[in-house]
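J.: what follows is a predicted protein model with its sequence.
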Amino acid sequence: MKQVEVTLNVNGKDTTLTIPPRMTLVDCLRDELRLTGTHVGCEHGICGACSVFLDDEPIRSCLMFAVQAAGHRITTVEGLLNEDGSLSDLQDSFWECHAMQCGYCTPGMLVASESLLAENPDPSEDDIREAISGNLCRCTGYQQIVEAVQMTAKRRREGAANG
Amino acid sequence: MVDAPANLPNYRYVSRKRRTKEDRRFVSGRGKFVADVEVPGMKHVAILPSPHARANIISIDTSAALALPGVHYVLTGDELGEATSSLFHGLDLPNVIWHPLAVGMTRYAGEWVAAVVADSRYIAEDAAELIEVEYESLPAAVDSEKMIDEDQPLVHPAHGTNVLFRKTWEWGPVADDFASMPNTVSYRARWGRSSTVPIETFGVVAKWDDVNEIMDVWASIQMPQYQDQIAAALRIPMNQVRVHNDVDVGGSYGVKRGIKHTVLVTYLTKKLGFPVRFIEDRLDNMSGGDAHGPDRIFDITMAFDDEGVIKSMKIRALDDVGAYPGRAPLQLGKPMTALCGPYRINSIEYEAISVTSNKTGQVPVRGFGQSPTNFAIETGLERVAKHLGLDRIEVRARNLVRKDEFPWKIPPGSIYDSGDFHAVLDGIIKTSNWDDLVARRDALRAKGRLAGVGIATCLEPGGGNNIFEFLFNPKLEITTFVESVLMKVEPTGAITAVMCTTTSGQGHETLVSTIAGEELERDPDTIRVLHGDSLEALPTRSPVASRMAIVLGTATSKAARDIKSKMITIAAHDLGVEKDQIEYADGEFTVRGNPASKLTWAEICHIAHKQFHRMPPGHELGLQAYAVQQVPGAGGLPDENNEVPLYPCFSFQAHVPLVEIDPDTGKVKVHDYFIGHDCGTAINPDIVRGMIIGGVAHGIGAALYEKFEYDADGQLLAGTFVDYLLPSAHEIPPVVDSEHCTPSPLTSLGQKGSGEGGYLGAPAAIASAVNDALAPFDIEINELPIRARDIEAALYEKTR
C-alpha cells in the first residue's frame, strides 16, 4: 500500500505522519493521532458528527483526505478546551443545559455552534437552528442544544460588556 | 421552558436542577465509545453483502481476496454456521436458523455473505470487493399481507410458511360488549418500517485470551442476555465471556442488538488468535445491520355508545419482522401491557400475526411495539369523534381512567399504578391555549394554507416484566426482569456504586448518584458510579423497557437504606444506645435529645473498616450493600384467562401540535408542540425533559419522514441519510413540556419510566394534526410516515 508523508497542524501542534494517501481526515485524527473526540456517523457528509475546523471553517472530516489538510490549521473538540484544560464557555453551557444524551453528536455540535458564535455573537433561535441543521442528533430533539448556544452567547455578551 | 410540578416533595437532590455526571466527558471529547477502544494488535473486519433479496449461493471464491497483502482471513457462512450455534429467537422456531453470515441462501439484499479480516478497514474493504460469489437469484417475498393466504416464496423453506406466529386472545366479554353498543367504527392504520437509527452505528471489539480462557468484549450494546447469547452461540461457558459495560453507547433507543456482529467477531478472534474489531459503516448498518423497526398493519374495530364511550375493541396486528426474527415478534406482545391505552375499555380481542419476509431483520425499537399500537388506538379515538361529530378532546376525556380509579386493571391483566390523566390533559389544553391554536389554524386556512391542530393521549408503560413473552412462547417461562446495584462506602467516607449494564444516553450515573445522595444525604457529585463488567456484575436485564429509574433506582434506594441502617447500628453500639435512639441528618448520627452525643459519617466509616474493637459483635466489617430488584408486582404466570400483570408503572402524556402544510408540495411544517407529561417523580428534570423532547423528535421522524422503503424485488431504497431522512433542527419545533407528578406507589421515590417518552405519542399526535389539516378536503391518511409526496398525491387526487 502506497504511503505518503504529511505534516498536519492539529490543535496548534504540528505532527508528521506516514499514511496512505486515501486515508480520510477523520480516520487520521482518530486512528493516527488518537484524537477520538471527533466521531464517525455516516461517512457520507450528512450527519455532521465528524465536524472539525479547517482554519476557521467547520468541515466534514469524513469527506476530506488527510493529505488535503496539510498547510491548514485543524481544530477538534479537544482543541476547544481552554488552554488550562478547563471547559470553554460553550462546553460548559452544553453541560449546564444538558445539551446531549449519548454524547455522540456533541463534538460536531460544538464545532457548528462555535462557528456560528464566531460570526454572530447575538444569534436568534432561528439562526441557531440554521447553524446546527447540518448536524443530526437522535437524542435531544435539539432544544437543549439551542438553549446551550443561547446561554453561551449571553455569557459572552455579558463578559464583553463587563470586560 | 418547563413548568415544574407544583406538588414537589422536599427533596434535596432528586427533582432538582443539577448537572449530570456524564456530560462533562462528552463535551470534553473524552467519552469512550466502542470505536475509541484500542486493543493492541487488533485487526479489522469488512463485510461483503448480498446484492440479492433472495438467492442460492452456488459458490464463493476467496482466493483473490486472500492474496491481497494485509489480508489475514476470509470467513464464509459454511464455516461459521458449522462452528457456532444458531442465534436466539424469541419464538420457538427450531427450523428458522440464523447465523451471522448467510449459509447456502441469502434472505435479503444486504445480508452478510462473507467477512474479511485485514490490517486496516481500508484493506478489508478492498479485499471484500475481490471475493467472487456466484448466486442463483430467486423471487423474493416482500408483501406482508400476501404471506398468510397466498403462495409466496419461502424465506425459510424448512419452516414451511412465512407465518412465524399467529394467535388470538380475548379478554373480557367482547361479543356481548359489541352487541350492546349502538356504534362501531372499523379502520386500518399502518406503521411504516422505520427505526431509531442512532448516529453511532453498531460496533464491537473482541479479544480471546487462550491462556486465561476469557473472551473480552467491548460493544455499543443495549440488550438483555447479551453475554448469555454470545456464550451459547460460541458454545463456551458464560464465565468465559466478559462484556465491558463501561463503553459509552452512542445512542440506541432499543436497537443496539448486535448479537450477530458479536458472534462473528468473537468467533474470528478465537479462531485467529488476535483481537478483532468490526464497526459498521452506515450502509452496513441500514441495509445489513438487522436494526429495522416494526412494520405493522392494524385492522381495528371499536364499539361505543352515543356519548363516544368505547366499550370494546378488536385488533388485528400484522407485523413484518424481516428475514431473521430474533426478539422482534415479541414486540407484538409488549403492547398488551397497555393495549387499551389510557382508556376504560372493558374487553379486547387481539390477534397478533408475525410474518417473515426478504427484508433486513427487525429489532426492538423504543417502546417495544407500543408506539405503533398507541398510534393505532389514537386513530380510533379520532374516528369515534368524527363518527359522532364530537370534540376530539371530549371523547378522550370521557374514556380516560379517572384518578380515583387507580389501581386500575385492564382486560389483559396489567394494573395501572397511578395517574391523573384528566389533570394532565386539562393542563396541556390550558398551557397550549388550545382555542388560540385553533384560531391560528383558522387564520392560516383563511390565507389559503392547510393547517391542523392535533391531539393524542397515551401511556408509557415502564419497568419491564416481560411475561408476555410466555404468551408467545411457553418455553420462555421467565418471571423476573431484575436489576441490581452494589454500593460501598470507603474507609474515608467516599461512596462508590456499581451498576451492572451499559448506558446509551439515559444518564444512569446521574440516576444512581442522585438517588444514593438523596437517601444518604451526601452530595451526589462526590459519589462515583461504575459500570461493572459482566463477570463482576450482579444480575441485570439491561436498560430497556423504560425501566432503569424504576428498578435500578429502587435498587439504589434499597442499597443506600441498608448502608444507612448499618451505620446507625454502629453508631448506636458505639454511643451505647438503642438503634431507634439514633437520628441521622447531614452526615451526623446523633442520640435523640442529646446533641452532644454523636458520631460523624467519617468516624463511622473509620470504625467499620479499621476498628474491630468498636464494632457491634457479629456485625459485618466494611460498609457495603447490594440490592437485586425484582420488577414491582411481577413474578407470576398468566392465569387461565391469559391475564397477567405486565409492566408495573404507567407514565402518561398528552400531546398537542400545530402543523401547517404547503398546499403545492405537501410539505408539513410543525409550528408548535406542547406536551403534558407525568412520569411520577423525575429524578433529574433535565434528563426527563431531554428524553421527552428527544422522543417527540423521534416520533416526528417516524410520522413524517422515515421509512426503509423496499421495491417489489426486495431491494432497499433507503440505505443512506440522503434517502432515509432524519429530522434536523429545522424539522423539530420548540417543544413546551409541562410536567405533572403523580408518584408511583410501587417505587422507592415515586419514580416511573420516561425513556420511551415522547416517541410513544408524537406519531399519533402528528397524524392527528395532519388529518385535521386535510379534513376540509375530506382526506384522511392513516399510514405512517405521511410524507410530503403522499399528501401532495392525495391533494392532487381530490382537486384535479
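T.: Perfect, thanks for sending it.
J.: for chain A, longest helix please?
T.: Taking DSSP state H as the criterion, chain A has its longest helix at helix A:143-162.
J.: what comes into contact with stretch B:159-171?
T.: When contacts are defined by CB atoms under 8 Å, 6 or more residues apart in numbering or on different chains, stretch B:159-171 is touched by residues B:91, B:93, B:95-96, B:141, B:147-148, B:152, B:154-155, B:321, B:325, B:329, B:332, B:336, B:347-357, B:411-413, B:471-472, B:641-643. Any C-beta I mention is one placed from the backbone N, CA and C, and that applies to glycine too.
J.: could you confirm whether the helix or strand bottoming out on mean pLDDT in chain A reaches chain B?
T.: Lowest on mean pLDDT, DSSP states H and E among the helices and strands of chain A sits helix A:143-162, with a mean of 95. Yes. Helix A:143-162 is in contact with chain B by CB under 8 Å from any CB of the partner chain, via A:Gln143, A:Gln144, A:Ile145, A:Val146.
J.: surely the last one meets A:Ser124?
T.: No. If you go by CB atoms under 8 Å, A:Val146 and A:Ser124 don't touch, sitting 10.3 Å apart.
J.: compare these two (neighbour count), which wins?
T.: Set A:Val146 next to A:Ser124 and count neighbours by other CB atoms under 10 Å in any protein chain shown: A:Val146 wins out with 25 against 11.
J.: about what we covered before: what residues sit buried inside the least confident helix or strand of chain A?
T.: Buried residues in helix A:143-162, defined by neighbour count with 16 or more other CB atoms under 10 Å in any protein chain shown: A:Gln143, A:Gln144, A:Ile145, A:Val146, A:Glu147, A:Ala148, A:Val149, A:Gln150, A:Met151, A:Thr152, A:Ala153, A:Arg156.
J.: ok, now stretch A:77-88?
T.: A:Val77, A:Glu78, A:Gly79, A:Leu80, A:Leu81, A:Leu87, A:Ser88.
J.: tell me the one of these nearest chain B?
T.: A:Val77 (3.7 Å; CB to the nearest CB).
J.: doesn't A:Gly37 make contact with the closest one?
T.: Yes. Using CB under 8 Å as the test, A:Val77 is close enough to A:Gly37 to be in contact (3.9 Å).
J.: okay, and the common contacts of the two?
T.: A:Pro107, B:Ser28, B:Gly29.
J.: of those residues - the most surrounded one?
T.: A:Pro107 (31 neighbours).
J.: export stretch B:766-783 as CSV, just CAs?
T.: Output of stretch B:766-783 as CSV, limited to C-alpha atoms (Å, rounded to 0.1, in the frame of the first residue of the first chain):
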residue,chain,number,x,y,z
ILE,B,766,-48.7,14.5,14.3
ALA,B,767,-51.1,12.2,12.3
SER,B,768,-54.0,13.8,14.2
ALA,B,769,-52.8,17.3,13.2
VAL,B,770,-52.1,16.4,9.6
ASN,B,771,-55.5,14.8,9.2
ASP,B,772,-57.1,17.9,10.8
ALA,B,773,-55.4,19.9,8.2
LEU,B,774,-56.6,17.6,5.4
ALA,B,775,-60.2,17.3,6.8
PRO,B,776,-61.5,20.2,4.7
PHE,B,777,-60.6,18.2,1.6
ASP,B,778,-62.1,15.0,3.1
ILE,B,779,-58.7,13.3,3.1
GLU,B,780,-57.6,11.1,5.9
ILE,B,781,-54.2,9.3,5.8
ASN,B,782,-53.6,6.6,8.4
GLU,B,783,-50.4,5.3,7.1
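J.: can you tell if that stretch touches chain A?
T.: No. On the criterion CB under 8 Å from any CB, stretch B:766-783 is out of touch with chain A, staying 13.4 Å away.
J.: for B:Asp149, give me the pLDDT.
T.: Here, the pLDDT recorded for B:Asp149 equals 88.
J.: what sits against residue 147?
T.: Chain wasn't specified; assuming chain A. A:Cys97, A:Ala99.
J.: I was after chain B.
T.: Contacts of B:Met147 (CB under 8 Å, 6+ apart): B:Ala141, B:Thr161, B:Asn162, B:Val163, B:Asp320, B:Val355, B:Thr356, B:Ser357.
J.: taking the residues you listed, tell me the two that lie furthest apart.
T.: B:Thr161 and B:Asp320 (14.1 Å; CB to CB).
J.: compare those two (neighbour count), which wins?
T.: The neighbour comparison of B:Thr161 against B:Asp320 (other CB under 10 Å) goes to B:Asp320, with 26 against 15.
J.: give the contact list for that one.
T.: B:Asp320 neighbours (CB under 8 Å, 6+ apart): B:Ser144, B:Met147, B:Arg193, B:Asp295, B:Arg296, B:Val355, B:Thr356, B:Ser357, B:Lys359, B:Gln362.
J.: can I get these in JSON lines including secondary structure?
T.: Converted to JSON lines, these look like this (DSSP: H, G, I helix; E, B strand; the rest coil):
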{"residue": "B:Ser144", "secondary structure": "helix"}
{"residue": "B:Met147", "secondary structure": "coil"}
{"residue": "B:Arg193", "secondary structure": "coil"}
{"residue": "B:Asp295", "secondary structure": "coil"}
{"residue": "B:Arg296", "secondary structure": "strand"}
{"residue": "B:Val355", "secondary structure": "strand"}
{"residue": "B:Thr356", "secondary structure": "coil"}
{"residue": "B:Ser357", "secondary structure": "coil"}
{"residue": "B:Lys359", "secondary structure": "coil"}
{"residue": "B:Gln362", "secondary structure": "strand"}
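J.: which of these count as buried?
T.: Buried, going by 16+ other CB under 10 Å: B:Ser144, B:Met147, B:Arg193, B:Asp295, B:Arg296, B:Val355, B:Thr356, B:Ser357, B:Lys359, B:Gln362, out of the contacts of B:Asp320.
J.: closest residue of the stretch 401-550 of chain B to chain A?
T.: B:Gly505 (3.3 Å).
J.: so what pLDDT did that residue get?
T.: pLDDT, read off for B:Gly505, is 97.
J.: number of residues surrounding it?
T.: 29.
J.: the longest helix in chain B is where?
T.: helix B:553-575.
J.: got the domain boundaries for chain A?
T.: When chain A is parsed with automatic domain parsing, its domains come out as A:4-79, A:89-162.
J.: and the longest one, how far apart are its ends?
T.: Distance between the boundary residues of domain A:4-79 (CA to CA, to the nearest Å) amounts to 26 Å.
J.: one more: the last one?
T.: For domain A:89-162, the separation between the terminal residues is 16 Å (CA to CA).
J.: distance between that domain and the chain's centre?
T.: Remark: domain A:89-162 is offset 11 Å from the chain centroid, using CA atoms, centre = their mean, to the nearest Å.
J.: one more: stretch A:87-95?
T.: Its chain's average C-alpha position is 13 Å from that of stretch A:87-95, according to CA atoms, centre = their mean.
J.: ditto for stretch A:69-88
T.: The answer for stretch A:69-88 is 9 Å, by CA atoms, centre = their mean.
J.: can you give me the end-to-end span of it?
T.: 25 Å.
J.: what about it and chain B, touching?
T.: Yes. For stretch A:69-88, a contact with chain B is found by CB under 8 Å from any CB, at A:Thr76, A:Val77, A:Glu78, A:Leu80, A:Leu81, A:Leu87.
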